[in-house]
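Trainee: Take a look and give me a structure for this.
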Amino acid sequence: MASGSPAKRTGVPTSLTPHPKAVISVEEWEAKAPLGDVETRSVNVIKAASERIALPLKFNVDDSGSSSRPSTPTIRNKLGLGSRPSTPNALNSRTQAAHALHPKQPIQTPQQFYDWFALIDRSVAHSQEAHFRAHLDSVSEHLETCDRLMQRIDEVDEAVDSMLHEWRGVEEGGKSLKDACEQLLQERDRLLSTTEAIGEILEYFQELEHATRMLNSPGDSLVLQTDFLYMVERVDVCIDYLKAHRHFREAEIYLLRFQQCMTRAMTLIKMYFVGSLRALTVDVSRRMSEKDVSVTAQMHLLYTRFTSVSTQLSPLLSELERRASAHPEELSALLSECHSAYFAARKSLLVGRLMEEIKGLDPTRTELVELTRTGCSYLKQLCTDEFNLFRAFFNSGEDQLYQYLENLCDYLYDDLRPRILHEPRLTALCEVCTVLQALMVLDVPTLPDSSYDEEEDETSIDELNLDLDLGPLGGKKGLRTLHISHLLQMVLQDAQTRLFFKAQAVIQSDIRYYVPKAEDLAYPEILLAARKPVTGLEIKEKESISQLFQFKSLDKRDTWFPTLRKTVWVLSQLHEFVKPAIFDDIAQEAVNLCRQSLVGAAETLKSKSPPSSTLDGQLFLVRHLLILKEMTHNLDLEDKHPGRGIDFSGMTDTLTSMLGKTTSLLPNALFASLGMPRDENMTDVRHGIDHELRHACEDVIASCAEPLCGPLRTWSERVRSFNTSASPQASASASAQTVTSQAWATQAALSALLAGFREACARDLRGAVGRLRLYLEDDRTVSVLLKHVQDRVVDEYAVFRRLVWEMYGGAVRAEVGSEQDVRALLRGLCEEEGVDVEAGVPGVGSSN
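Mentor: Okay, the predicted model is just below:
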């Protein structure tokens, strides 16, 4: 047994523990699991108890000895045996019979004694080894228990492995089940979404039954039900959906049925609207036919009653308009019938009242301007009321609306047009255009959502004022604002046409074929008279005219030649009322004719009393051509900058730019220096004015310089002629001596010539300065012309001086001086302050 136990213990751990376990030492165990006082006492108690092992029960018959190891004497005493065997008694017999060591039979032979003694010896030996055997049995029992525990642990380990394997199988099965469930859920969701999609699609098809059931409901007030418009909206949605999904089964059939339902619904709206409008029209006509109906009552019947009905009908008509715009082929005819019924009803109510109002204006006797103002104002108010009422019902049909309003306006236009076409007064026609355009300007709408820039806005407003060719909406959709300009455009075109032809007649009669009178050519008397003080009434009248035409410097229109005044007046009347293209044509014609009349008047003035009137005619032409040129320049600016009026304040700057660089006597060089280069693109009108102005300026410069330069030029020409006729072989000094020997070339004659030159400068140049300031009235303008006069005089004097220096010497050269001296003399005379403008006028300066 002892030999078998170690083998078993050695083999068990190998079978029970298939995997090696970690070994821990006692010190590590003590460090990881320290014991406290209570645990230490408990271990000591258990240790002490394990050290005291009790004797086997077979040795504890009477009492237990205190010794852990029984001794032979004690056992012997207990067995009742002496050192010598005795005769057993009854008690001993009972005891011997009861104990196994007692001989069963009495010992009789030595052999029996030896056998018994061997038994006792073995019993003693056995009793001495009892605690070892007991310990061995305990250890064996513990070993068996451990073997059983190891076996149980192996069983548990196998069970745990089995459970782990089964758990893994369950886990794999769970995952498979989860995947299967998720797949089933996805399939369920797909089926549900498919079901919902099919249900959503079927809703469009199922809506047909609901719409048909509602449309088959009896009663005329079906369109007023709450669900009617919702049903119409659903039908419209279904039509759009089926049009986008024509591949569905029976989609074409359902689409046709839905369209029929939509047509039926819109027809019900049209029938209800027409019926309500007819009933309202009959009631209003009956009440207006009664006697003593006030204007307020009429306005209430014509507009307030209709407006109150519009709150009920407007949503229905809006649905009809929206569907008609989306489906014009099927529903536009129904909307047109509603428009026609509305306009017919309104026209039947308004025509009688409108005719009475026009008859009250008395078109045949009322003054044209007042008739235009009153009649068009009434029509504007009437059209505004009609427009607002129409907008309360509809938001489309603008073309039909303006056609209806034009029909209403025709009742007044039929009386107004003949008056306009036969009006002979240009001012009356201008006032008519002013009235009409004033009404149109007030009509210009403000569009907060417009995306036009400033340039486009200015262009559109300018076209509204002048062309009036915009459509009723000016390119915008919807009913926003009434454009009365579209309604007044026909009358304005008639007035503009008549104004154009009348202006042409005035141009032909008062400009082209105008015959100047004596008082028209009384220059410079007219300019002198304008310098005299005038009365307060005349000042006020001139200031008003000046403010009207925006004159800033030349505000004395009464000093102008009549054809120029007429040209400015006609063009100022026209440029606000006719189209730009037409105005350009008539302006070119008027300016050309005015220029020709000014040239003719200047020639007449020159021949009036020559030679004194020659300079007057030239200055007369320069003065008027400058004004005419500046006017044409401003007209060009008018086209580029709308809203700017005619401005004559830049006339001096124009002359300065024209003559500021002129230093040559050649015509082409002078023309270039005037700031008027030849331009092939220049209009004929401006080219003609520039051409005439160039020659006029040259004539003025020549007329002012001739009295001063004439004697010097004549003397120089006589010297050249004499030198030319003399012998060519003569030397220069001999020729000079021969010339100076002539009576007209002596030093005395030369001194007299120089004295006459200075006297002419003091007299004639001063008189020319006075005339220039009288005609041109601006110091800068005069200084420009006088600078060129000075240049011409200095150039002539330089030629004269060069000849003198070649012929004379000494004191004569000193007397002649230099060009700078002459220029200083001329500049001093031209810049003298307080020069009398009447000094150069014959018969006026002497009287003073």
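Trainee: List phi and psi for Gln225.
Mentor: phi -70, psi 150 (degrees, to the nearest 10).
Trainee: OK, contacts around it?
Mentor: Counting by CB atoms under 8 Å, 6 or more residues apart in numbering, Gln225 touches Met214. Using the backbone N, CA and C atoms, a C-beta is placed for each residue, glycine as well.
Trainee: gap between it and Ser276?
Mentor: 16 Å (CB to CB, to the nearest Å).
Trainee: Next one: Ser485 relative to Thr374, how far apart?
Mentor: For Ser485, the distance to Thr374 - CB to CB - is 19 Å.
Trainee: In terms of neighbours, single out the busier of these two.
Mentor: Each of Ser485 and Thr374 has its neighbours counted (other CB atoms under 10 Å); Ser485 has more, 22 against 16.
Trainee: Now tell me which helix or strand of this structure has the poorest mean pLDDT.
Mentor: Using mean pLDDT, DSSP states H and E, helix 454-466 stands out as the lowest-scoring helix or strand of the chain, at a mean of 38.
Trainee: Now the element after it, going C-ward?
Mentor: helix 484-507 (DSSP states H and E).
Trainee: Can you give me the buried ones in that next one?
Mentor: By neighbour count with 16 or more other CB atoms under 10 Å, helix 484-507 contains the buried residues 484-492, 494-496, 498-500, 502-503, 506-507.
Trainee: ok, now stretch 399-406?
Mentor: Buried residues in stretch 399-406 (16+ other CB under 10 Å): Gln400, Leu401, Tyr402, Tyr404, Leu405.
Trainee: OK, contacts around the residue nearest to Phe387 when sequence neighbours are not counted?
Mentor: Computed as CB to CB, 6 or more residues apart in numbering, the closest residue to Phe387 that is not its neighbour in sequence is Leu482, at 4.0 Å. By CB under 8 Å, 6+ apart, Leu482 lies in contact with Cys383, Thr384, Phe387, Asn388, Asp443.
Trainee: I'd assumed Leu412 was in contact with the first one.
Mentor: Put plainly, it is Cys383. No. Contact between Cys383 and Leu412 fails when scored by CB atoms under 8 Å: they sit 11.1 Å apart.
Trainee: and the gap between Leu492 and Asp137?
Mentor: From Leu492 to Asp137 the distance is 143 Å (CB to CB).
Trainee: Now the element after the helix or strand where Leu354 lies, going C-ward?
Mentor: Leu354 is part of helix 328-361, with elements assigned from DSSP H and E. Scanning forward in sequence from helix 328-361 by DSSP H and E, the next helix or strand is helix 368-393.
Trainee: which other helices and strands contact that next one?
Mentor: For helix 368-393, the packing partners by 3 or more CB pairs under 8 Å, 6 or more residues apart in numbering; DSSP states H and E come out as helix 305-326, helix 328-361, helix 398-421, helix 426-441, helix 484-507.
Trainee: can you put these in CSV and add distance to Val784 and mean pLDDT?
Mentor: Below are the helices and strands packed on helix 368-393 laid out as CSV (distance: least, CB to CB, whole Å; pLDDT from 0 to 100):
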stretch, distance to Val784, mean pLDDT
helix 305-326, 69, 88
helix 328-361, 59, 86
helix 398-421, 48, 84
helix 426-441, 38, 77
helix 484-507, 32, 79
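Trainee: Nearest to Ser289, out of these?
Mentor: helix 328-361 (9.5 Å; CB to CB).
Trainee: ok and the closest one relative to helix 305-326, angle-wise?
Mentor: Angle, helix 328-361 to helix 305-326, by axes from the mean of the first three to the mean of the last three CA atoms, to 10 degrees: 150 degrees.
Trainee: Give me the distance between helix 328-361 and the centre of its chain.
Mentor: Put simply, helix 328-361 sits 39 Å off its chain's centre (CA atoms, centre = their mean, to the nearest Å).
Trainee: now the angle from that helix to helix 398-421?
Mentor: For helix 328-361 against helix 398-421, the angle by the same axes, to 10 degrees is 30 degrees.
Trainee: And Pro516, which helix or strand is it part of?
Mentor: Using DSSP H and E, no helix or strand contains Pro516.
Trainee: mind checking pLDDT for Val669?
Mentor: To be clear, residue 669 is Ala; Val isn't right here. Predicted confidence (pLDDT) for Ala669: 40.
Trainee: do the same with the one 10 residues further on
Mentor: As predicted, Asp679 sits at a pLDDT of 38.
Trainee: Can you name every helix or strand that the longest helix seen in the chain contacts?
Mentor: Identified as the longest helix of the chain according to DSSP state H is helix 130-215. Applying 3+ CB pairs under 8 Å, 6+ apart, we find helix 130-215 packed against helix 4-16, helix 226-244, helix 251-288.
Trainee: next one: the longest one to chain centre, how far?
Mentor: Read that as helix 251-288. 42 Å.
Trainee: and the angle from it to helix 226-244?
Mentor: 140 degrees.
Trainee: C-terminal to helix 251-288, what's the next element?
Mentor: Assigned by DSSP H and E, the successor of helix 251-288 is helix 295-299.
Trainee: Quick check: mean pLDDT of that following helix?
Mentor: 85.
Trainee: Quick one: residues in contact with that helix.
Mentor: Arg287, Met288, Arg353.
Trainee: CA atoms of the helix or strand in which Glu30 is found as PDB?
Mentor: According to DSSP H and E, Glu30 maps onto helix 26-32. Taking Å, rounded to 0.1, in the frame of the first residue of the first chain, the C-alpha atoms of helix 26-32 are listed here in PDB:
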ATOM      1  CA  VAL A  26       6.200  30.200   0.700                       C
ATOM      2  CA  GLU A  27       7.700  33.700   0.900                       C
ATOM      3  CA  GLU A  28       5.700  34.900  -2.000                       C
ATOM      4  CA  TRP A  29       2.600  33.400  -0.500                       C
ATOM      5  CA  GLU A  30       3.300  35.000   2.900                       C
ATOM      6  CA  ALA A  31       3.900  38.400   1.100                       C
ATOM      7  CA  LYS A  32       0.800  38.100  -1.000                       C
END
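Trainee: Give the next helix or strand downstream of it.
Mentor: Next helix or strand after helix 26-32 toward the C-terminus (DSSP H and E): helix 37-51.
Trainee: Next, the buried residues of that next one.
Mentor: Within helix 37-51, judged by 16+ other CB under 10 Å, no residue is buried.
Trainee: try stretch 243-251
Mentor: Neighbour-count burial for stretch 243-251 [16+ other CB under 10 Å]: Ala251.
Trainee: ok now it, how far from the chain's centre?
Mentor: With CA atoms, centre = their mean, you get 42 Å for stretch 243-251.
Trainee: Stretch 379-391 now?
Mentor: Worked out by CA atoms, centre = their mean, stretch 379-391 lies 32 Å from the chain centre.
Trainee: just stretch 376-395 next, same as before
Mentor: 31 Å.
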